[in-house]
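> Next one to model:
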Amino acid sequence: MIDKQSVAFISSIDKDGFPNTKAMLPPRKRIGIKEFYFTTNTSSMRVSQYRENPKACIYFCDKRFFRGVMLIGIIEIKEERTIKEMIWRDGDTMYYSEGVTDPDYCVLCFTASKGRFYSKFNSEDFDI
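Down below sits the predicted model:
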(Lines give C-alpha, C1' and ligand atoms only; values in the text may rest on other atoms or scores of the structure.)
Protein backbone atom coordinates (compact mmCIF):
# COMPACT_ATOMS: atom_id res chain seq x y z
CA MET A 1 0.00 0.00 0.00
CA ILE A 2 2.78 2.46 0.92
CA ASP A 3 4.46 2.28 -2.49
CA LYS A 4 1.22 3.10 -4.30
CA GLN A 5 0.62 6.43 -2.54
CA SER A 6 1.56 9.70 -4.22
CA VAL A 7 1.60 11.62 -0.93
CA ALA A 8 3.09 10.99 2.49
CA PHE A 9 1.98 12.94 5.54
CA ILE A 10 4.83 13.74 7.87
CA SER A 11 4.60 15.23 11.35
CA SER A 12 7.04 17.03 13.61
CA ILE A 13 6.77 18.70 17.01
CA ASP A 14 7.06 22.49 17.25
CA LYS A 15 8.80 24.46 20.00
CA ASP A 16 5.54 24.65 21.98
CA GLY A 17 5.07 20.86 21.88
CA PHE A 18 2.31 20.82 19.26
CA PRO A 19 2.28 18.45 16.27
CA ASN A 20 2.79 19.96 12.82
CA THR A 21 1.76 17.88 9.81
CA LYS A 22 2.40 18.44 6.13
CA ALA A 23 1.98 16.56 2.89
CA MET A 24 5.18 15.58 1.13
CA LEU A 25 6.21 13.68 -1.94
CA PRO A 26 6.49 9.97 -1.14
CA PRO A 27 9.78 8.64 0.21
CA ARG A 28 12.53 8.18 -2.34
CA LYS A 29 13.67 4.98 -0.72
CA ARG A 30 12.42 2.68 1.96
CA ILE A 31 13.71 -0.41 3.65
CA GLY A 32 10.68 -2.44 4.66
CA ILE A 33 8.54 -0.47 7.06
CA LYS A 34 11.54 0.45 9.23
CA GLU A 35 13.46 3.12 7.25
CA PHE A 36 12.19 5.85 4.94
CA TYR A 37 14.22 8.50 3.10
CA PHE A 38 12.72 11.84 2.04
CA THR A 39 14.30 14.84 0.31
CA THR A 40 13.79 18.32 1.72
CA ASN A 41 15.32 21.75 2.09
CA THR A 42 17.89 22.16 4.85
CA SER A 43 16.45 25.63 5.46
CA SER A 44 12.91 24.32 6.03
CA MET A 45 10.92 24.73 9.23
CA ARG A 46 10.58 20.94 9.44
CA VAL A 47 14.36 20.42 9.54
CA SER A 48 14.78 22.93 12.36
CA GLN A 49 11.98 21.20 14.31
CA TYR A 50 13.58 17.75 13.86
CA ARG A 51 16.94 19.12 14.98
CA GLU A 52 15.25 20.25 18.22
CA ASN A 53 13.05 17.17 18.66
CA PRO A 54 13.56 14.10 16.43
CA LYS A 55 10.21 12.51 17.34
CA ALA A 56 8.17 12.04 14.19
CA CYS A 57 5.21 10.35 12.60
CA ILE A 58 4.52 9.45 8.98
CA TYR A 59 1.15 8.45 7.59
CA PHE A 60 0.10 6.85 4.33
CA CYS A 61 -3.55 6.77 3.31
CA ASP A 62 -5.25 4.74 0.61
CA LYS A 63 -8.39 6.83 0.13
CA ARG A 64 -9.89 4.41 -2.39
CA PHE A 65 -10.21 1.64 0.19
CA PHE A 66 -10.21 3.95 3.25
CA ARG A 67 -7.22 2.35 4.92
CA GLY A 68 -4.03 3.77 6.29
CA VAL A 69 -0.85 3.14 8.19
CA MET A 70 0.74 5.41 10.79
CA LEU A 71 4.36 4.90 11.73
CA ILE A 72 5.97 6.48 14.79
CA GLY A 73 9.70 6.93 15.22
CA ILE A 74 12.53 9.41 14.89
CA ILE A 75 13.98 11.47 12.07
CA GLU A 76 17.64 12.16 11.51
CA ILE A 77 18.85 14.93 9.21
CA LYS A 78 21.40 13.42 6.82
CA GLU A 79 23.79 15.67 4.94
CA GLU A 80 26.47 13.14 3.96
CA ARG A 81 27.08 13.15 0.24
CA THR A 82 26.71 9.36 -0.08
CA ILE A 83 23.20 9.43 1.40
CA LYS A 84 22.21 12.45 -0.67
CA GLU A 85 23.48 10.74 -3.83
CA MET A 86 21.60 7.55 -2.91
CA ILE A 87 18.21 9.22 -3.38
CA TRP A 88 19.09 11.94 -5.88
CA ARG A 89 17.06 11.87 -9.12
CA ASP A 90 17.36 13.53 -12.49
CA GLY A 91 15.38 16.74 -12.34
CA ASP A 92 16.14 17.49 -8.69
CA THR A 93 18.12 20.53 -9.80
CA MET A 94 14.70 22.14 -10.21
CA TYR A 95 14.62 22.27 -6.38
CA TYR A 96 18.36 22.22 -5.61
CA SER A 97 20.13 24.27 -8.27
CA GLU A 98 23.64 23.37 -7.10
CA GLY A 99 22.99 19.66 -7.46
CA VAL A 100 23.68 16.99 -4.89
CA THR A 101 26.15 19.28 -3.08
CA ASP A 102 23.59 22.08 -2.70
CA PRO A 103 23.75 23.20 0.95
CA ASP A 104 19.94 23.54 0.95
CA TYR A 105 19.48 19.86 0.05
CA CYS A 106 19.30 17.26 2.81
CA VAL A 107 17.70 13.91 3.51
CA LEU A 108 15.20 13.10 6.23
CA CYS A 109 15.86 9.56 7.43
CA PHE A 110 12.84 8.27 9.34
CA THR A 111 13.28 5.15 11.47
CA ALA A 112 10.04 3.59 12.69
CA SER A 113 9.65 1.90 16.07
CA LYS A 114 5.94 1.10 16.01
CA GLY A 115 2.83 1.60 13.95
CA ARG A 116 -0.91 1.38 13.63
CA PHE A 117 -2.81 0.01 10.62
CA TYR A 118 -6.44 0.86 9.88
CA SER A 119 -8.63 -1.08 7.47
CA LYS A 120 -12.26 -2.25 7.30
CA PHE A 121 -13.28 -0.38 10.48
CA ASN A 122 -10.52 -2.03 12.54
CA SER A 123 -7.21 -0.79 13.86
CA GLU A 124 -4.19 -2.85 14.81
CA ASP A 125 -1.08 -1.68 16.66
CA PHE A 126 2.26 -3.33 15.88
CA ASP A 127 5.90 -3.07 16.90
CA ILE A 128 8.69 -2.86 14.36
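> From the contact counts, what lies against the longest strand seen in the chain?
Identified as the longest strand of the chain according to DSSP state E is strand 105-119. Strand 105-119 is packed against strand 35-41, helix 45-52, strand 55-62, strand 67-78, helix 81-87, strand 122-127, with contacts defined by 3 or more CB pairs under 8 Å, 6 or more residues apart in numbering; DSSP states H and E. For every residue, glycine as well, the C-beta is placed using N, CA and C.
> could you redo these as CSV and give each row mean pLDDT, mean neighbour count and distance to Leu25?
Shown next, in CSV, are the helices and strands packed on strand 105-119 (pLDDT from 0 to 100; neighbours: other CB atoms under 10 Å; distance: least, CB to CB, whole Å):
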stretch, mean pLDDT, mean neighbour count, distance to Leu25
strand 35-41, 97, 19, 7
helix 45-52, 97, 16, 13
strand 55-62, 97, 19, 12
strand 67-78, 98, 18, 16
helix 81-87, 97, 14, 11
strand 122-127, 96, 9, 26
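> Any chance of those in CSV with distance to Phe110 as columns?
Formatted as CSV, these follow (distance: least, CB to CB, whole Å):
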stretch, distance to Phe110
strand 35-41, 4
helix 45-52, 10
strand 55-62, 6
strand 67-78, 5
helix 81-87, 13
strand 122-127, 16
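> of all those, which lies closest to Val107?
Across these, Val107 has its closest neighbour in strand 67-78 (4.1 Å, CB to CB).
> Can you check what angle separates the closest one from strand 35-41?
Here the directions of strand 67-78 and strand 35-41 differ by 60 degrees (axes from the mean of the first three to the mean of the last three CA atoms, to 10 degrees).
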